[in-house]
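> attaching a predicted model along with its sequence, questions to come.
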Amino acid sequence: MVPYGAANLATAFRTVRGNTIKIAEEIPEERYDFRPAPDTWTVAELLAHIAFSPRFQYDVHETKRLTTLAGYDFFGQRTAREAEQTRPRTKAELLELLRSEGERIADWLASFDDARLAEPVAQPAGPDSKTRFEMLLSIKEHEMHHRGQLMLIERMLGIVPHTTRTMQERAAAMRQQRATAGA
């Protein structure tokens, strides 16, 4: 088995957050009110959601250090987070929020030792449990899910996502290298 610990988790989260920030930088501020479909978040609301979502895991694993989610006030926590994330913010404020919250969470993830990552946390609906590691990994997975939405929004706004541009540049360089080698 290849060990994957807290330092790896923090590094991977920083990479994911960095890509999210790049997308947030590329979308013009005048399009932050873009709503891709009815009953969906605007770009600004989605970015705020991404910034604040890890607070659930922080509350469970740091503030309360729960060993079971039975009885946890999911709706109260969500209501408080949504109230904070729907507050109007400028693009600069959202970028700073993504950066500061991202670093705070990455530093916190890096602070876990292997024993704490392995601790089980009972889930609310049944006898199953997940390790803290499994639950903390969902921070990155959740952001990647929403980053996929942001990349589709970029396409809808006529922006080619930076990851696509990077891949296109690599492919062009490889084609050029092959052409030069074959000449």
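Cool, got the structure.
> any idea which element the nearest residue to residue 56 once chain neighbours are set aside lies in?
Using C-beta to C-beta, 6 or more residues apart in numbering and skipping residues adjacent in sequence, the residue nearest residue 56 is residue 77, 5.9 Å away. The C-beta positions use only the backbone N, C-alpha and C, and glycine is treated the same way. Here residue 77 is covered by helix 74-85, with elements defined by DSSP states H and E.
> okay, helices next: where are they in this protein?
6-26, 43-52, 54-58, 74-85, 91-110, 114-118, 132-156, 162-182 (DSSP state H).
> and of the ones you listed, who's closest to residue 67?
Comparing those by their distance to residue 67 (C-beta to C-beta), the top pick is helix 132-156, with 9.6 Å.
> contacting residues around residue 137?
residue 9 (C-beta atoms under 8 Å, 6 or more residues apart in numbering).
> quick check, pLDDT for it.
pLDDT, residue 137: 96.
> one step back: quickly compare the helices of the chain and say which is most buried.
By mean neighbour count, with neighbours taken as mean count of other C-beta atoms under 10 Å, helix 43-52 ranks first of these at a mean of 23.
> just so I know, which of the helices of the chain lies nearest residue 37?
Of all the helices of the chain, the one in closest proximity to residue 37, counting by C-beta to C-beta, is helix 132-156 (9.9 Å).
> one step back: of the helices of the chain, which approaches residue 125 most closely?
Judged by C-beta to C-beta, the one of those that comes nearest to residue 125 is helix 74-85, at 11.4 Å.
> how big is the angle separating the closest one from helix 91-110?
140 degrees (axes from the mean of the first three to the mean of the last three C-alpha atoms, to 10 degrees).
> flag the shaky bits of this protein, pLDDT-wise.
Scanning the chain for pLDDT under 70 picks out the ranges 1-2, 126-127.
> how close does the most centrally placed residue in it sit to residue 49?
Compute the mean C-alpha point of the chain, and by C-alpha atoms, centre = their mean the closest residue is residue 143, 2.4 Å away. The gap separating residue 143 from residue 49 is 10 Å, by C-beta to C-beta, to the nearest Å.
> what's the nearest residue to residue 70 if we skip its chain neighbours?
Closest to residue 70 by C-beta to C-beta, 6+ apart is residue 124, at 5.1 Å.
> please report how far that neighbour lies from residue 150.
Distance of residue 124 to residue 150, computed by C-beta to C-beta: 30 Å.
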